[in-house]
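>>> have a look at this prediction, sequence included:
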Amino acid sequence: MKTPFKNIQQQLRLNRWVVLSVVIVSGLVCIISVTIVAQMHRNILNSAFVVNGSGDVIPLQWIHERENLEVEALAHLEQFHRWFYEVDAANYGRHMEKALWLGDASVDALFRQKKSDGFYNRLMQYSLVQKVERIDSKIDLATEPYRFETRTVFHINRGSVTDTYELSTSGKLMPVERHFPHNPHGLLIMDFFENSLRKIENNETTKK
């Protein structure tokens, strides 16, 4: 007659531990869930999103980073083309030294080619002044390295005569470590190439 009471006591103890375990596990699950939801809520409050033309939701922070990259890339190309093409007998050496910091071997090869062709000798011999008027660049930021095309309009002053030219160049931009003051934008010009050069007549300049 004592055995049934013993079984009942064991069963009650087992049930009590089961209930206690369920309560503890449920409490832990609730605490973890509330913590995760609170963290997600904070992240959402600290983030903003925009919808692009395709209907995709994009973090606003990524948009800002992309806009900043475009601004820095345009500034990098602007500075490079001014240093590389705005030259005269007095400053060309200093400008070339600065420009070569912004590009890879393709820029150096172009510089050496111009030097071997006697371009810089003519600058000094005839006191030529090459002045950049306008630089327009287009950059594709979809994939690295970033492809670009640049249109540079410059004047060559030959004393009493001034000729205007339009130069089309292209290449790629690769992100690299920033180096102040030599490369503050942290970009390197690769595969640089002069595509075309044409003389702009006076009537074209007037229209523009």
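Received, thanks. Numbers count the residues shown, from 1 in each chain.

>>> only C-alpha atoms from now on, for both contacts and neighbour counts.
OK.

>>> tell me, how many residues neighbour Gly175?
Quick fix: residue 175 is Pro, not Gly. 15 (other C-alpha atoms under 10 Å).

>>> now swap in Val87 and tell me
Look at Val87: counted by other C-alpha under 10 Å, it has 22 neighbours.

>>> could I get the pLDDT score of the residue nearest in space to the middle of the chain?
Geometric centre of the chain, nearest residue: Leu69, 3.5 Å, by C-alpha atoms, centre = their mean. The per-residue pLDDT reported for Leu69 equals 88.

>>> quick check: what element follows the helix or strand encompassing it along the chain?
Remark: Leu69 resides in helix 60-85, with elements defined by DSSP states H and E. The helix or strand immediately downstream of helix 60-85 is strand 87-88, counting by DSSP H and E.

>>> ok, then the element right after that next one?
helix 92-100.

>>> report the mean confidence score over the next helix or strand after that next one.
Remark: after helix 92-100, the chain's next helix or strand is helix 105-116, criterion DSSP H and E. Mean pLDDT, helix 105-116: 96.

>>> if you average pLDDT over whichever helix or strand comes after helix 105-116, what comes out?
For helix 105-116, the following helix or strand on the C-terminal side (DSSP H and E) is helix 119-126. Average pLDDT, helix 119-126: 91.

>>> now helix 119-126, how far from the centre of its chain.
On the basis of C-alpha atoms, centre = their mean, to the nearest Å, helix 119-126 sits 36 Å off its chain's mean C-alpha point.

>>> can you report how many residues lie near Gln130?
When neighbours are counted by other C-alpha under 10 Å, Gln130 registers 21.

>>> tell me which helix or strand it sits in.
Following DSSP H and E, one finds Gln130 within strand 129-140.

>>> that strand packs against which elements?
If you count contacts as 3 or more C-alpha pairs under 8 Å, 6 or more residues apart in numbering; DSSP states H and E, strand 129-140 packs onto helix 60-85, strand 87-88, strand 146-158.

>>> with just CA atoms, put that strand into PDB.
The C-alpha coordinates for strand 129-140 follow below in PDB (Å, rounded to 0.1, in the frame of the first residue of the first chain):
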ATOM      1  CA  VAL A 129      51.700  78.400 -71.800                       C
ATOM      2  CA  GLN A 130      49.100  75.700 -71.700                       C
ATOM      3  CA  LYS A 131      46.100  76.800 -69.600                       C
ATOM      4  CA  VAL A 132      43.100  74.500 -68.700                       C
ATOM      5  CA  GLU A 133      39.800  76.200 -69.200                       C
ATOM      6  CA  ARG A 134      37.300  73.400 -68.300                       C
ATOM      7  CA  ILE A 135      37.200  69.800 -67.100                       C
ATOM      8  CA  ASP A 136      34.200  67.600 -67.400                       C
ATOM      9  CA  SER A 137      34.300  64.000 -66.100                       C
ATOM     10  CA  LYS A 138      31.900  61.100 -66.100                       C
ATOM     11  CA  ILE A 139      32.400  58.200 -63.600                       C
ATOM     12  CA  ASP A 140      30.800  54.800 -63.400                       C
END
